[in-house]
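Asker: Task: produce atomic coordinates for the following.
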Amino acid sequence: MSASKTKATAIVDAMMNKDYFSQWLGIVRLEERDGFCKLKMTIRKEMCNGFEIAHGGISYSFADSALAFASNSHGRHAVSIETSISHIKPLKTDDVIVAVAEEKSRSNKIAIYEVRVEKENGELVALFKGTVFRKETEWNV
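Answerer: Prediction:
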């Protein structure tokens, strides 16, 4: 890890390197730090369902990636044990969305995060809540 790269960034680099699904989503990383992650992506035609709106699994997966990066940023492996989403507004092809994952609570074993998914203009499109289990395993970055 270089002196200019934070541990959180090194961890997310390592995760993204093997996260082919997040790569397929076209996720662009905007910011990561301990307990926090901000991502951006664009809705593509192949992500839409028969209603010509983004499949619910797309915003769910996008938020789940933000959860994964934020919850692992402290240096310990963390895996989701419970997640939920409320879809508030539909998304269409070419919509650019941003996910902001923020830590709400963290103990030795369990942490809780909220992820806001918004259009670029700040319009809320989904709210996601994730609970993770924090393993003893440390990231070697």
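Asker: low-confidence ranges in the chain?
Answerer: 1-4 (pLDDT under 70).
Asker: Just grab the bridge partners of the closest residue to residue 86 other than its chain neighbours for me.
Answerer: Spatially, and ignoring its direct neighbours in sequence, residue 86 is nearest to residue 127 (4.8 Å; CB to CB, 6 or more residues apart in numbering). C-beta coordinates here come from the backbone N, C-alpha and C atoms, glycine included. Here residue 127 sits in beta bridges with residue 86, residue 116, going by DSSP bridges.
Asker: Just list the residues touching residue 127, thanks.
Answerer: 85-86, 88, 114-117 (CB atoms under 8 Å, 6 or more residues apart in numbering).
Asker: Can you select the buried ones from the residues you listed in ChimeraX?
Answerer: Filtering these down to the buried ones (16 or more other CB atoms under 10 Å) takes a single ChimeraX command:
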select :85,114,115,116,117
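Asker: will you turn the contacts of residue 127 into CSV that also has distance to residue 106?
Answerer: Output for the contacts of residue 127, formatted as CSV (distance: CB to CB, whole Å):
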residue, distance to residue 106
85, 21
86, 23
88, 26
114, 13
115, 15
116, 18
117, 22
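Asker: Check the secondary structure at the closest residue to residue 44 other than its chain neighbours for me.
Answerer: Beyond its immediate neighbours in the sequence, the residue positioned closest to residue 44 (CB to CB, 6+ apart) is residue 93, lying 6.6 Å away. State at residue 93, reduced to three classes by DSSP: H, G, I helix; E, B strand; the rest coil: coil.
Asker: buried set for the longest helix anywhere in the chain?
Answerer: The helix spanning the most residues in the chain, taking DSSP state H as the definition, is helix 56-72. Judged by neighbour count using 16+ other CB under 10 Å, the buried positions of helix 56-72 are 58-72.
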